[in-house]
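Engineer: attaching a predicted model along with its sequence, questions to come.
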Amino acid sequence: MTSGPQDAALRARARQVIPNGMYGHESTRLLPASFPQFFGRAEGAHLWDVDGNRYLDLMCAYGPNLLGYRDHRVEAAAAAQAALGDAMTGPSAVMVELAEALVSMVGHADWAMFCKNGTDATTMAMTVARAQTGRRRVLVASRSYHGAAPWCTPVPAGVVPEERAFITTYAYNDTAGLEAAVAAAGDDLAAVFATPFKHDSFEDQALPDPAYAQRARQLCDETGAMLVIDDVRAGFRLARDSSWSLVGVEPDLSAWGKCIANGHPISALLGSDRCRKGAGAVYVTGSFWFAAVPMAAAIETLRILRESDYLEHTVALGEQLRSGLAAAAAAHGFSVRQTGPVQMPQVLFDGDPDLRVGFAWAAAMVERGVYVHPWHNMFLCAAMTAEDIEAAVAAAGDAFAQVRASLPGLEPHPLIPHVLAGH
Ligand code: PMP
């Protein structure tokens, strides 16, 4: 099965005017051929492709959708601000209000700066850490995604080695490895980066070992380096605070984005007084970074996060999905590995080294109106209901049966084995 006629027509036009027809993480290049590339609209927990097919969306825009698409409360706040002004010659009062809201919610934060994308926030974290410490070296966990800037993009085309000259990798959750990397950095260590948990593509997810997290904090204290948590993907999906509040560790800097305005374009760097001076020294800005509409949307989103049970609700739905998928898989003789927090699940198949089974299952799910991803963690949103998850589990059972029947004839995706080989 291939995508629908409208989608196919748009892909053909896109190939003429967009390099490769699409780029970045929303390109379907590394997904089953039947996945739609273009979408027409989204509402609550669902989205519709340009051919009108409706999906329960377990990708949530790769993270921005937390409360449900077009949440009426957030959209009303955004519309009210839009009636007043958005990008203006200077910021609106909502910038101060939003900074106050984030500082009040996030334990380690004494200040906030705003930007547009997660990459802006993580890159700013690195710059601020270097300005604060006067040092160069930055440690990042190998394979952790921190964005698409030259210092961190996973695809090195167009990047010269000098742009990464002071980036060193260590293995996530490997305390001894981190200690060795810190020792090797000597007195040039500016920052240690970590994601809240290991949420790397193509792999099982892993929660942070508290000993590793706590040792990272200690090592930064001993060396004067800045501890940076990249909460762009997981922020507010695990806690109403920094995600490492769950392991009792306060970073010096944290990067946020994706869901903080429930889909409106804004990201943030939060920091403690330990690096306020560095934050004040750097020159960082952007034409749209001070726009008021996303800030108003973020203020309302954060209010809802504080006052609703969105977190407990997504955890309960995640547990329902996890146990339902495990039972459905077992009933059809599949063993699936479901890793990471239940509200941000990664689903991979045992005995599926080139992901051909996972791809077939994802394609069968999409055919049944449930948008799942074969190698990236998924996301639940607060607009989903127990009935939605029940329907997804029922679809999964049928999809497992279909894959079981087609198993001998499955072919690997043309690009995935090469991607995995280089991984
Ligand atoms: N850090 C993490 C952990 C992310 O997941 C992402 C985006 N997937 C980024 C940074 C970069 O964010 P953006 O795509 O908004 O630049």
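Structural biologist: It's in. Source: prediction; values computed, not measured. Residues are numbered from 1 along each chain as shown.

Engineer: could you use CA atoms for every contact and neighbour count after this?
Structural biologist: OK.

Engineer: residues in contact with whatever residue of the chain ends up closest to the ligand?
Structural biologist: As assessed by CA to the nearest ligand atom, the ligand sits closest to residue 118 within the chain, at 3.2 Å. Residues in contact with residue 118, defined by CA atoms under 8 Å, 6 or more residues apart in numbering, are 146-147, 232, 255-258, 267-268.

Engineer: which of these come close to the ligand?
Structural biologist: 146-147, 232 (CA under 6 Å from any ligand atom).

Engineer: top of those residues by number of neighbours, please.
Structural biologist: When neighbours are counted by other CA atoms under 10 Å, residue 232 leads these with 28 neighbours.

Engineer: nearest to residue 95 among the ones next to the ligand among the contacts of residue 118?
Structural biologist: Among those, residue 232 lies closest to residue 95 (CA to CA), at 19.2 Å.

Engineer: isn't the closest one right up against residue 256?
Structural biologist: Yes. At 4.1 Å, residue 232 and residue 256 qualify as touching, with contact defined as CA atoms under 8 Å.

Engineer: average pLDDT across stretch 408-417?
Structural biologist: Stretch 408-417 shows a mean pLDDT of 95.

Engineer: ends of it, how far apart?
Structural biologist: End-to-end distance of stretch 408-417 (CA to CA, to the nearest Å): 18 Å.

Engineer: which parts of the lowest-mean-pLDDT helix or strand in the chain are buried?
Structural biologist: Least confident helix or strand of the chain, by mean pLDDT, DSSP states H and E, is helix 416-421 with a mean of 94. Neighbour-count burial for helix 416-421, counted by 16 or more other CA atoms under 10 Å, picks out residue 416.

Engineer: correct me if wrong: residue 231 contacts residue 243.
Structural biologist: Yes. Taking CA under 8 Å as the definition, residue 231 is a contact partner of residue 243 at 6.9 Å.

Engineer: ok, residues contacting the helix or strand harbouring residue 362?
Structural biologist: For residue 362, the host element (DSSP states H and E) is helix 356-367. Helix 356-367 is contacted from outside by 31-32, 34-35, 55, 348-349, 352, 371-374, 395-396, 399-400, 402-403, 407, 410-413, using CA under 8 Å, 6+ apart.

Engineer: out of these, list just those in strands.
Structural biologist: Taking DSSP state E as the definition of strands, those contribute 55, 348-349, 371.

Engineer: what segments of the stretch 101-250 of the chain are strands?
Structural biologist: Taking DSSP state E, counting those that start in this stretch as the test, the strands found in the stretch 101-250 of the chain are 111-115, 137-141, 167-170, 189-194, 226-230.

Engineer: can you say which of the ones you listed is packed in most?
Structural biologist: strand 226-230 (a mean of 29; mean count of other CA atoms under 10 Å).

Engineer: list of residues touching that one?
Structural biologist: Looking at what lies outside strand 226-230 - CA under 8 Å, 6+ apart - the contacts are 122, 125, 129, 133, 146, 190-196, 216-217, 220, 244, 251-256, 275.

Engineer: which ones are touching residue 284?
Structural biologist: residue 124.

Engineer: state the distance from the closest residue to residue 189 other than its chain neighbours to residue 272.
Structural biologist: Among residues not flanking residue 189 along the chain, residue 137 sits closest, at 4.7 Å (CA to CA, 6 or more residues apart in numbering). From residue 137 across to residue 272, the span is 20 Å (CA to CA).

Engineer: now tabulate the strands of the stretch 101-250 of the chain in a markdown table and tack on distance to the ligand and mean pLDDT.
Structural biologist: As requested, those are exported to a markdown table (distance: least, CA to the nearest ligand atom, whole Å; pLDDT from 0 to 100):
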| stretch | distance to the ligand | mean pLDDT |
| --- | --- | --- |
| strand 111-115 | 10 | 99 |
| strand 137-141 | 11 | 98 |
| strand 167-170 | 16 | 98 |
| strand 189-194 | 9 | 98 |
| strand 226-230 | 5 | 99 |
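
Engineer: do you know which of those lies nearest residue 151?
Structural biologist: Among these, strand 167-170 sits nearest to residue 151 (CA to CA), with 7.5 Å.

Engineer: which helices and strands does the closest one pack with?
Structural biologist: Secondary-structure packing of strand 167-170 (3 or more CA pairs under 8 Å, 6 or more residues apart in numbering; DSSP states H and E): strand 137-141, helix 175-185.

Engineer: if we go to 6 Å?
Structural biologist: Packing partners of strand 167-170 (3 or more CA pairs under 6 Å, 6 or more residues apart in numbering; DSSP states H and E): strand 137-141.

Engineer: what residues does the strand it packs on touch?
Structural biologist: For strand 137-141, the external contacting residues (CA atoms under 6 Å, 6 or more residues apart in numbering) are 166-172, 188-193.

Engineer: please, where are all the helices along the stretch 201-350 of the chain?
Structural biologist: 210-223, 276-281, 292-307, 310-331 (DSSP state H, counting those that start in this stretch).

Engineer: per-residue confidence at residue 232?
Structural biologist: 98.

Engineer: does it really touch residue 260, like I thought?
Structural biologist: No. Taking contacts as CA atoms under 6 Å, residue 232 lies outside contact range of residue 260: 9.0 Å.

Engineer: for the stretch 1-150 of the chain, which spans come out with low pLDDT?
Structural biologist: Where the stretch 1-150 of the chain drops to pLDDT under 70, the residues are 1.

Engineer: kindly recompute the last result at 80.
Structural biologist: Scanning the stretch 1-150 of the chain for pLDDT under 80 picks out 1-2.

Engineer: point out the residues in it that sit beside the ligand.
Structural biologist: So far as CA under 6 Å from any ligand atom goes, the stretch 1-150 of the chain lies against the ligand at 117-119, 145-147.

Engineer: same thing but 8 Å
Structural biologist: 25, 62-63, 116-122, 144-148 (CA under 8 Å from any ligand atom).

Engineer: so how do I select the buried members of those in PyMOL?
Structural biologist: To isolate the buried ones among these in PyMOL, judged by 16+ other CA under 10 Å, type:
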select buried, resi 62+63+116+117+118+119+120+121+122+144+145+146+147+148
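
Engineer: and the residues of the stretch 1-150 of the chain next to the ligand, which two are the farthest apart?
Structural biologist: Taking CA to CA, no two of these sit farther apart than 116 and 144, at 20.4 Å.

Engineer: how is this structure divided into domains?
Structural biologist: 1-38, 72-307, 309-339+396-401 (automatic domain parsing).

Engineer: let me see the contact set for the spatially closest residue to residue 133 that is not a sequence neighbour.
Structural biologist: Among residues not flanking residue 133 along the chain, residue 190 sits closest, at 5.8 Å (CA to CA, 6+ apart). Applying CA under 6 Å, 6+ apart to residue 190 gives the contacts 129-130, 133, 135-138, 225.

Engineer: having no further points to raise, I will conclude here.
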